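Asks: Quick one: sequence plus predicted model below, questions after.
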Amino acid sequence: MKTFALILMLMLIASGDLQAQADSDARTAQADSRAAQADSRVAQADSRAAPAAAAADAARVEAQRAEMIARSHESGARVAEQQARDAERMARDMARDAQRNARIRQAAPTEQEQLAIAALEGLMAAPPERALPLLKRVLEGQQTELVKMRALFVLSQIDDDEAQKLLLDLARKPDGALRLEAVRMIGIGGNANSLTALSGIYKSGDSEVRQEVLNAYLIAGRKAEVMQLARDATTEEEASAAIHILGAMGALSELRQLGQLGKHSGELVRAYAVAGDLASLRAMANSAKTPELRVEATRNIGIIGSDEAAVALREIYKSSKDAQVRGAALEGLMIHGDEKGLLEIYRASTDPAEKQVVLRQLTIIGGDAAMEAIDAALQGKTP
């Protein structure tokens, strides 16, 4: 009886274990089923997300292309604006010179003027103590302005304190008709003391006098004085004029010193280009504080006519991640006239938007490379 009870008990326990195992298996199967359903939902979600992601990627690509084209047009407008400013400055200077020349020159010197000019030229070989009284009499007398201008030139060639004092006195006259010419003659004469004295005339003069002082320093090659005027400038217009002259003088050291001051960076970009300072422009293109300066520095590299400048622009275009800088590099290559570099970029590109931009730059340059690219584009080929 005890044995039968023991067997029955074992059978009941085994039955319970089997039921538990069955319950466990059922729960596992349910879990697996839920996991499979979850995987199915994930797969469905991924399936639905894939087209959306692809569409988003395509939209980003199109946006980047549109941005590249827009940046190209925008940068082109800035180039045109800068060229317009340069042309305006040149026109203003030419108009000023034309007005002065029209005021003091006739269609042809009269016989009396020709004789007076010949006499003045003879004074260049005379001792200063003999020449100066005659020159002073001409400048204070009734001679025409044409004759007086020639007298100023002769005066500038006399290395004598009295002669230099007379020139400076004329340069300081507030309303003298020959004031600007006297300033210019000081630059031609190159007397160190007189050139130093021009800084005071610059500070007290109007814009026309200040420009003539800068021109005198340019003629005399006085970089230090122009540098000081740029440092002391109280307006952007004054700084711009002085920096422009430094660029024309090729004053690399002085321009770089101004760059270290962190002021007038926009004008310095142009001056670096005029002076042929590729190293400074390359540094600004890489690390200038503002995107605008990086773009301007890159574009102005194209003004430098060396092969190294063209190589630098190609490298910037290939390495930069900034669409504006890349657009400026293309413009720089166009300004430089590097049709070979642009054609290489055109051939290597697989982006239709990029090819359009590069082709536009090539056609502006013209030449064989442009015609080759145009012909290939019309035939749907790569040149």
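Replies: Looks like it arrived, so ask away. Numbers count the residues shown, from 1 in each chain.
Asks: Could you use CA atoms for every contact and neighbour count after this?
Replies: Will do.
Asks: where are the low-confidence patches of the stretch 1-150 of the chain?
Replies: For the stretch 1-150 of the chain, the stretches with pLDDT under 70 are 1-107.
Asks: All the helices of the stretch 201-350 of the chain, in order from the start?
Replies: Along the stretch 201-350 of the chain, counting by DSSP state H, counting those that start in this stretch, helices occupy 207-220, 223-232, 236-249, 252-261, 265-275, 278-287, 291-300, 307-319, 323-336, 339-348.
Asks: in the second one, what counts as buried?
Replies: Buried positions in helix 223-232, judged by neighbour count with 16 or more other CA atoms under 10 Å: 223, 225-227, 229-231.
Asks: Reformat those as a markdown table; add pLDDT.
Replies: Listed next are these as a markdown table, based on pLDDT from 0 to 100:
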| residue | pLDDT |
| --- | --- |
| Lys223 | 95 |
| Glu225 | 95 |
| Val226 | 96 |
| Met227 | 95 |
| Leu229 | 95 |
| Ala230 | 94 |
| Arg231 | 92 |
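Asks: now, which of those sits nearest Asn215?
Replies: Using CA to CA, Val226 is the member of these that lies nearest Asn215, at 9.8 Å.
Asks: roughly how far apart are the spatially closest residue to that closest one that is not a sequence neighbour and Arg270?
Replies: Spatial nearest neighbour of Val226, excluding adjacent residues (CA to CA, 6 or more residues apart in numbering): Ala242 at 6.0 Å. From Ala242 across to Arg270, the span is 12 Å (CA to CA, to the nearest Å).
Asks: The two: which has the busier surroundings?
Replies: Comparing Ala242 with Arg270 by other CA atoms under 10 Å, the one with more neighbours is Ala242, at 27 against 23.
Asks: which residues does that one contact?
Replies: Contacts for Ala242 (CA atoms under 8 Å, 6 or more residues apart in numbering) come out as 214, 226-227, 229-230.
Asks: Equivalent analysis for Ala131, please.
Replies: Contacts for Ala131 were tallied using CA under 8 Å, 6+ apart; they are 123-124.
Asks: before we move on, what about Ala309?
Replies: Ala309 makes contacts with 278, 301-302, as judged by CA under 8 Å, 6+ apart.
Asks: How many neighbouring residues does Leu278 have?
Replies: 22.
Asks: Ala233 versus that one, what's the distance?
Replies: Counting by CA to CA, the separation of Leu278 from Ala233 is 26 Å.
Asks: Check Gly337 too.
Replies: Distance from Gly337 to Ala233, by CA to CA: 36 Å.
Asks: Settle it for me: which of those two has more neighbours?
Replies: Using other CA under 10 Å, the more surrounded residue of Gly337 and Ala233 is Gly337, with 21 against 16.
Asks: Phi and psi next, for the more buried one.
Replies: phi 80, psi 30 (degrees, to the nearest 10).
Asks: Give me the neighbour count for the residue nearest to it when sequence neighbours are not counted.
Replies: Excluding its sequence neighbours, the residue lying closest to Gly337 (CA to CA, 6+ apart) is Ile365, at 6.2 Å. Ile365 has 18 neighbouring residues, counting by other CA under 10 Å.
Asks: Identify the residues contacting Ile365.
Replies: Contact analysis of Ile365 by CA under 8 Å, 6+ apart lists 334, 337, 339.
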